[in-house]
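**Student:** model this:
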Amino acid sequence: MKPSQKKHSQKKTLKQTKPAKTPLILLSGYLGSGKTTLLKHILDNTDRKIAVLMNEFGEIGIDTATIKKKHINVKEILEGCVCCSLEGEFEAAVREIIKDYAPETVILETTGIAEPDNIMTSISDDLDFLRLDTVITVVDADVMNRFPEISRTARIQIEAADLIIVNKIDLVTKSVLLRVKKKVREINSRARMIDTSFCRVDADLLFSIEVEHHVAHKHHPHQHAMEHFSVIPRSFKKMEIDRIFENMPREIFRAKGFVLVDGKKHLLNYVAGRWNVEEAVEDGKGQQIVFIGENIKKYKDKVIRLWGGKNE
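**Tutor:** All right, here's what the predicted structure looks like:
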């Protein structure tokens, strides 16, 4: 081969070589199922260089402050649902975080009301710099038992999954767990299923699953009946919070935020009538609670009075 031909051949080879796609794990699951608990568990048990995109249905990122670590880069996508109205913002965010941080893996934690099939199709059809490795859906065994009517969104989340984590099994009996798993299996017969408490699962397993994704088409953007608002609460004693939650409107399905309890900052979590508070690491964020539920804005004044705070 002549030198000129060799040079031309090298140029052609370089031109045809495409940059490697960045793998993405899509983390799905209904409100309060344990997605952020799983995410924290993954990050605590891996040395991989990971970029995290968190899509929260609210004005503030409560969960973001709880997961930041030295080898983790976190970016928030707030005030909407990434599977429909925020698709453009998602693309911009993921391009930016890959360019600036060059992660080994991107983990996208969607809001609890997201239907992942739309974003799966977007990645497949439009985002050629990403490779969708795994869709993980977290299912709350206790909530599925107490509220057996599965919503359209929860059903789509289960259908889309490659791996289903049936979480909070410590809150149900063995017979109830079998019933819940049977219902989940009727919706998705192909996904691997793992039972957990507090989403304790082998983190290496989550990085070893790579499957072929087939999504026929995008759904039309779905209309959420979910509403949200946030409140800046006063300080409390532990027993006061128990009393307040006992008087919360039933339509409020999810609440999360930071609050001062007995003079110390605590992270508050409420899901479908079940709640807990745990001492939080100081992170610079003030006291604020986000409330989520179907058509709940009519209860906003009542909630503000219950929490003795003010509207944010």
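**Student:** what residues does the helix or strand where R95 lies touch?
**Tutor:** Applying DSSP states H and E as the criterion places R95 in helix 87-101. Identification of contacts with helix 87-101 by C-beta atoms under 8 Å, 6 or more residues apart in numbering yields 22, 24, 49, 51, 53, 55, 73, 75, 77, 80, 82, 103, 106, 108, 118-119, 122, 126-127, 129-130. Using the backbone N, CA and C atoms, a C-beta is placed for each residue, glycine as well.
**Student:** equivalent analysis for stretch 251-261, please.
**Tutor:** 31-32, 60, 62-63, 112, 230, 233, 235-238, 241, 248, 265-272, 275, 277, 280, 285-296, 299, 303.
**Student:** in space, what's closest to V143 - neighbours in sequence excluded?
**Tutor:** Nearest non-adjacent residue to V143, counting by C-beta to C-beta, 6 or more residues apart in numbering: A272, 5.1 Å away.
**Student:** sorry, wrong one. I was asking about L132.
**Tutor:** Nearest non-adjacent residue to L132, counting by C-beta to C-beta, 6+ apart: I123, 4.8 Å away.
**Student:** what is the neighbour count of the one you found?
**Tutor:** I123 has 23 neighbours, counted by other C-beta atoms under 10 Å.
**Student:** for F229, helix, strand, or coil?
**Tutor:** strand (DSSP: H, G, I helix; E, B strand; the rest coil).
**Student:** need phi/psi at the residue nearest to it when sequence neighbours are not counted.
**Tutor:** Residue nearest to F229 in three dimensions, not counting chain neighbours: K300, with 5.3 Å by C-beta to C-beta, 6+ apart. For K300, the backbone dihedrals (degrees, to the nearest 10) come out as phi -60, psi -50.
**Student:** any idea what the residue nearest in space to the middle of the chain is bridged to?
**Tutor:** In the chain, the centroid-proximal residue (C-alpha atoms, centre = their mean) is E109; its distance is 3.4 Å. Beta-bridge pairing for E109 (DSSP bridges): L27, M54.
**Student:** please name the nearest non-neighbouring residue to V271.
**Tutor:** Using C-beta to C-beta, 6+ apart and skipping the chain neighbours, the partner closest in space to V271 is G32 (3.1 Å).
**Student:** please identify the helix or strand for the one you found.
**Tutor:** Using DSSP H and E, G32 sits in no helix or strand.
**Student:** mind listing what it touches?
**Tutor:** Shown in contact with G32 (C-beta under 8 Å, 6+ apart): 112, 140, 143, 253-254, 269-272.
**Student:** rerun at 10 Å
**Tutor:** Residues in contact with G32 (C-beta atoms under 10 Å, 6 or more residues apart in numbering) are 112, 138, 140, 143, 168, 253-256, 269-272, 274, 292.
**Student:** cool, and K300?
**Tutor:** Counting by C-beta under 10 Å, 6+ apart, K300 makes contact with 227, 229-231, 291, 311.
**Student:** can you give me the strands in the stretch 101-250 of the chain?
**Tutor:** Taking DSSP state E, counting those that start in this stretch as the test, the strands found in the stretch 101-250 of the chain are 105-109, 130-140, 163-167, 192-195, 226-232.
**Student:** which strands or helices does the fourth one pack on?
**Tutor:** The elements that strand 192-195 packs onto, with contact taken as 3 or more C-beta pairs under 10 Å, 6 or more residues apart in numbering; DSSP states H and E, are strand 130-140, strand 163-167, helix 174-187, helix 203-207.
**Student:** identify whichever of these lies nearest to H41.
**Tutor:** For H41, the closest of those is helix 203-207, at 6.9 Å, according to C-beta to C-beta.
**Student:** fine by me, thanks again.
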